[in-house]
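Peer 1: dropping a prediction and its sequence here:
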Amino acid sequence: DDLASDRAALVALRAAVRGRLILWNLNQTDPCSWDGVFCNENRVTKMRFPGMGLSGNLPLGLGNLTQLQTLSLRNLMRLSLGDNNFSGEISPKFNNLTRLGSLLLENNHFTGSIPDLNVPLLREFNVSNNHLNGSIPKRFSQLDESAFAGNSLCGKPLQSCPGTEGGTKKLSGGAIAGIVIGSFFGLLLILSIAILVCRKMGGRRDSNGVAPAKHVEAVAPRERSSDDSGSNTNASPSNSAVVAAQLGGKNSKNLVFFGNVIKPFDLEELLRASAEVLGKGTFGTTYKATMDSGVSVAVKRLRDFITLEKEFREKIDQVGKMAHENLVPLRGYYFSRDEKLLVYDYMPNGSLSALLHDSGAGRTPLHWEARSAIALGAARGIAYLHSHGPTSSHGNIKSSNILLTKSYEARVSDFGLAYLALPTSTPNRVSGYRAPEVTDARKVSQQADVYSFGITLLELLTGKAPSHSSLNEEGVDLPRWVQSVVQEEWNNEVFDVELRKYQNVEEEMVKLLQLAVECTAQFPDKRPSMDVVANRIQEIYNVSIEKEGVSQQYYYSVPQA
Ligand SMILES: Nc1ncnc2c1ncn2[C@@H]1O[C@H](COP(=O)(O)OP(=O)(O)OP(=O)(O)O)[C@@H](O)[C@H]1O
């Protein structure tokens with residue numbers, strides 16, 4: 001039965017991680033009581049052995065364990081073996097772990113290539129800093145490049161492999177001849193058009209010295225933009241390139257990328273992209289742009305921003321330098337007199353705000369472990385921003401600026417923009433998050449960030465939106481509401497209904513609530529620093545994942561297959 005199989009496989013694993021085969025007396029050993037092993041109704045659901053100095057060949061299916069290879073931990077959902085000394089190849093036997101959602105193998109000595117694992121629920125995968133080579137299987141192409149860093153791997157999301165499409169594919173002689181002839185005639189055509197245009201314009205050049213013809217060429221039929229109408233948070237797919245429509249005919253220079261870009265693309269490629277509106281915020285409208293190559297990015301079209309080019313570029317350069325696993329990286333930008341665009345990584349699971357408050361048939365409730373992990377990730381991202389000196393702050397922390405990766409990891413977005421906005425676009429819609437001492441939304445201190453983060457934590461715990469938040473104009477004054485509920489006889493009704501069933505971690509939820517209340521203290525100097533906040537959430541998170549095992553099956557908050 002499941003339990004016997006789990007136990008036997010665990011014995012195999014324990015033996016393997018110690019590099020030798022030990023026979024255990026199954027009847028006297030309850031694996032669920034072992035450190036790092038978590039069970040749900042006696043079934044092993046999670047194993048965490050990170051940073052324990054373990055070595056040997058990869059467990060489950062290698063070396064002298066052949067007789068045990070057919071066994072599998074069928075209920076295992078999370079296997080964390082990072083920061084050890086494991087060596088050998090990554091076994092395709094991981095396919096036996098049919099419910100595995102997370103496989104963390106980073107910082108070991110694994111060699112060979114990554115097997116084409118076919119585990120349907122696998123959402124989180126990390127093999128960074130090993131000795132792997134070869135191409136990354138297609139099913140991992142949507143993961144973040146950091147999951148593969150520190151190896152000799154190629155293919156999406158990293159650079160294409162030599163000899164593949166997009167790589168250094170060898171062309172046949174005929175193809176080369178075709179390209180040369182085609183290019184020659186193409187060049188001739190462009191030259192003739194250019195001469196004609198120059199003659200017509202009488203030698204006049206636009207202010208940037210760039211002829212607009214090229215961009216007009218890329219313009220798709222102008223669609224009715226939602227940008228100028230009221231708020232539009234519904235994504236409305238369109239075949240036409242909204243961005244192109246907006247840019248068309250205007251003077252344009254080029255996209256500027258920061259060094260950390262995975263695959264640079266040019267303005268033309270972006271103009272050709274199909275686009276959909278993701279939402280309209282304080283600083284402009286954000287689109288999802290999907291390029292011909294299949295790469296999607298989020299493009300924020302700024303409005304009411306400083307127009308002085310030098311100042312804009314200097315400030316945006318600073319934003320582009322911020323790099324942390326819990327920040328949405330700004331990949332590049334476009335600046336012209338009339339148009340300013342910011343290009344970010346696209347976050348496939350939207351914002352925390354949408355996860356908490358959007359209703360919809362397909363919505364999966366967010367469970368405790370996911371919520372505490374999101375709180376921790378966001379706190380770390382903000383603490384990183386604060387680590388750049390006392391004046392470095394985010395300026396606009398709220399749940400719609402906490403975005404989620406494919407594996408529901410939190411990434412903070414929109415940092416640094418509040419300082420670039422003109423006074424006309426100061427965000428009154430976010431007043432529910434704004435610290436009482438803030439009078440100018442372009443001057444937000446680190447302590448005011450802590451306040452806004454505290455409100456976001458209260459939102460995460462209560463499921464209620466703060467007043468005047470963009471999603472719920474009817475929202476409540478969260479700190480006051482929480483205090484009024486808690487001051488009466490204590491009951492857990494302060495928590496979101498979804499959280500009330502996790503009685504085993506109620507103490508941790510209360511601790512997070514207390515921390516949120518401290519963050520929302522009226523006087524700025526009574527609030528903890530973001531570093532302290534992140535450390536305290538880390539402790540809360542550690543204890544709850546040690547305790548849970550029941551809730552962790554919902555860790556990814558994805559519909560079960
Ligand atoms: N990089 C991204 N990936 C995926 N979705 C994004 C990304 N950036 C923004 N969005 C989505 O687009 C919507 C609009 O974002 P935007 O940042 O323009 O406004 P906001 O966050 O609601 O307000 P503000 O401008 O005050 O931050 C957000 O609700 C978010 O879900």
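Peer 2: Okay, I see it.

Peer 1: burial of the closest residue to Ala521 other than its chain neighbours, as a residue count?
Peer 2: Leaving aside its chain neighbours, Ala521 sits nearest to Arg527 (5.1 Å; criterion: CB to CB, 6 or more residues apart in numbering). Backbone N, C-alpha and C define where each C-beta goes, glycine included. Residues within reach of Arg527, counting by other CB atoms under 10 Å, total 23.

Peer 1: ok, Arg527 to the ligand distance?
Peer 2: To the ligand, Arg527 is 22 Å away according to CB to the nearest ligand atom, to the nearest Å.

Peer 1: wait, isn't that residue in contact with Ser452?
Peer 2: No. Arg527 is not in contact with Ser452 according to CB atoms under 8 Å; the separation is 10.7 Å.

Peer 1: show me the contacts for the residue nearest to Ala521.
Peer 2: Applying CB atoms under 8 Å, 6 or more residues apart in numbering, we find Arg527 in contact with Gln447, Val450, Tyr451, Gly454, Glu518, Cys519, Thr520, Ala521.

Peer 1: now do Arg139
Peer 2: Counting by CB under 8 Å, 6+ apart, the residues that Arg139 touches are Asp116, Leu117, Asn118.

Peer 1: and for Ser399?
Peer 2: If a contact means CB under 8 Å, 6+ apart, then Ser399 has Ser351, Leu352, Ser353, Leu356, Thr456, Glu459, Leu460, Ala465, Ser469 as its contacts.

Peer 1: again, but for Ser135
Peer 2: Ser135 makes contacts with Ser113, Leu153, Cys154, Gly155, Cys161, Thr164, as judged by CB under 8 Å, 6+ apart.

Peer 1: and for Val119?
Peer 2: Val119 is in contact with Phe94, Asn95, Leu97, Thr98, Leu100, Leu103, counting by CB under 8 Å, 6+ apart.

Peer 1: where's it, which helix or strand?
Peer 2: Assigned by DSSP states H and E, Val119 belongs to no helix or strand.

Peer 1: gap between it and the ligand?
Peer 2: In terms of CB to the nearest ligand atom, Val119 sits 26 Å off from the ligand.

Peer 1: give me the pLDDT value at that residue.
Peer 2: Reading off the confidence values, Val119 has pLDDT 74.

Peer 1: from the stretch 51-200 of the chain, which residue is nearest to the ligand?
Peer 2: Closest approach between the stretch 51-200 of the chain and the ligand, counting by CB to the nearest ligand atom: Asp144, at 12.9 Å.

Peer 1: which pLDDT value belongs to that residue?
Peer 2: pLDDT at Asp144 comes out at 85.

Peer 1: for it, what are phi and psi?
Peer 2: Dihedral pair for Asp144: phi -70, psi 150, per degrees, to the nearest 10.

Peer 1: tell me the contacts of it?
Peer 2: Pro157, Thr405.

Peer 1: so it versus Lys511, what's the distance?
Peer 2: 30 Å (CB to CB, to the nearest Å).

Peer 1: what do you get for Asp440?
Peer 2: Using CB to CB, one gets 34 Å for the distance from Asp440 to Lys511.

Peer 1: more neighbours, those two?
Peer 2: Lys511 (17 against 9).

Peer 1: would that one count as being in a strand?
Peer 2: No. Judged by DSSP: H, G, I helix; E, B strand; the rest coil, Lys511 forms no part of a strand; its state is helix.

Peer 1: distance check, it against Ala375.
Peer 2: 11 Å.

Peer 1: now Pro365, nearest residue through space, not along the chain?
Peer 2: In space, Pro365 is closest to Glu498, 4.5 Å off (CB to CB, 6+ apart).

Peer 1: swap that for Pro436, sorry
Peer 2: Gln522 (6.1 Å).

Peer 1: around the one you found, how many other residues sit close by?
Peer 2: Residues lying near Gln522 (other CB under 10 Å) number 11.

Peer 1: now it: which helix or strand?
Peer 2: Here Gln522 is assigned to no helix or strand, by DSSP H and E.

Peer 1: hmm, it is touching Gln447, no?
Peer 2: No. Using CB under 8 Å, Gln522 is not in contact with Gln447; the gap is 11.3 Å.

Peer 1: quick one: the strands in the stretch 301-450 of the chain?
Peer 2: 330-335, 340-345, 402-404, 410-412 (DSSP state E, counting those that start in this stretch).

Peer 1: now for the third one, which elements pack on it?
Peer 2: When you say that, I think you mean strand 402-404. Applying 3 or more CB pairs under 8 Å, 6 or more residues apart in numbering; DSSP states H and E, one finds that strand 402-404 contacts helix 352-357, helix 368-386, strand 410-412.

Peer 1: quick one: mean pLDDT for the longest one?
Peer 2: Per-residue pLDDT over helix 368-386 has a mean of 94.

Peer 1: circling back: could you dump the contacts of Arg527 to CSV with pLDDT?
Peer 2: Listed next are the contacts of Arg527 as CSV, based on pLDDT from 0 to 100:
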residue, pLDDT
Gln447, 97
Val450, 97
Tyr451, 96
Gly454, 97
Glu518, 95
Cys519, 96
Thr520, 94
Ala521, 94
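
Peer 1: format the residues you listed as TSV; extra columns: distance to Gly320 and neighbour count.
Peer 2: Listed next are these as TSV, based on distance: CB to CB, whole Å; neighbours: other CB atoms under 10 Å:
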residue	distance to Gly320	neighbour count
Gln447	26	22
Val450	25	27
Tyr451	27	25
Gly454	28	25
Glu518	33	16
Cys519	28	27
Thr520	31	25
Ala521	33	18
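
Peer 1: could those residues be laid out in JSON lines, adding distance to Gly389?
Peer 2: Below are the contacts of Arg527 laid out as JSON lines (distance: CB to CB, whole Å):
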{"residue": "Gln447", "distance to Gly389": "14"}
{"residue": "Val450", "distance to Gly389": "16"}
{"residue": "Tyr451", "distance to Gly389": "20"}
{"residue": "Gly454", "distance to Gly389": "22"}
{"residue": "Glu518", "distance to Gly389": "24"}
{"residue": "Cys519", "distance to Gly389": "21"}
{"residue": "Thr520", "distance to Gly389": "24"}
{"residue": "Ala521", "distance to Gly389": "23"}
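
Peer 1: what's the closest of those residues to Ser128?
Peer 2: Closest approach to Ser128 among these (CB to CB): Val450, at 31.2 Å.

Peer 1: for the protein, what lies in contact range of the ligand?
Peer 2: Counting by CB under 6 Å from any ligand atom, the residues of the chain close to the ligand are 278-279, 281-283, 286, 298, 300, 328, 344-347, 350-351, 354, 396, 400-401, 403, 413-414, 427, 430, 470.

Peer 1: buried ones among the residues you listed?
Peer 2: Among those, those that count as buried by neighbour count (16 or more other CB atoms under 10 Å) are 278-279, 281-283, 286, 298, 300, 328, 344-347, 351, 354, 396, 400-401, 403, 413-414, 427, 430, 470.

Peer 1: burial check on Val497, number of neighbours?
Peer 2: 10.

Peer 1: what score does it have for pLDDT?
Peer 2: The model reports Val497 with a pLDDT of 85.

Peer 1: Thr290 now?
Peer 2: The score at Thr290 is 90. That number is its pLDDT.

Peer 1: contacting residues around the nearest residue to it once chain neighbours are set aside?
Peer 2: In space, and not counting its chain neighbours, Thr290 is closest to Ser296: 4.6 Å by CB to CB, 6+ apart. Applying CB under 8 Å, 6+ apart to Ser296 gives the contacts Lys288, Ala289, Thr290, Tyr346.

Peer 1: and if we set it to 10 Å?
Peer 2: Gln142, Ala273, Ser274, Ala275, Glu276, Lys288, Ala289, Thr290, Asp345, Tyr346, Met347, Pro348 (CB atoms under 10 Å, 6 or more residues apart in numbering).

Peer 1: mind checking which of these are buried?
Peer 2: Ala273, Ser274, Ala275, Glu276, Lys288, Ala289, Thr290, Asp345, Tyr346, Met347.
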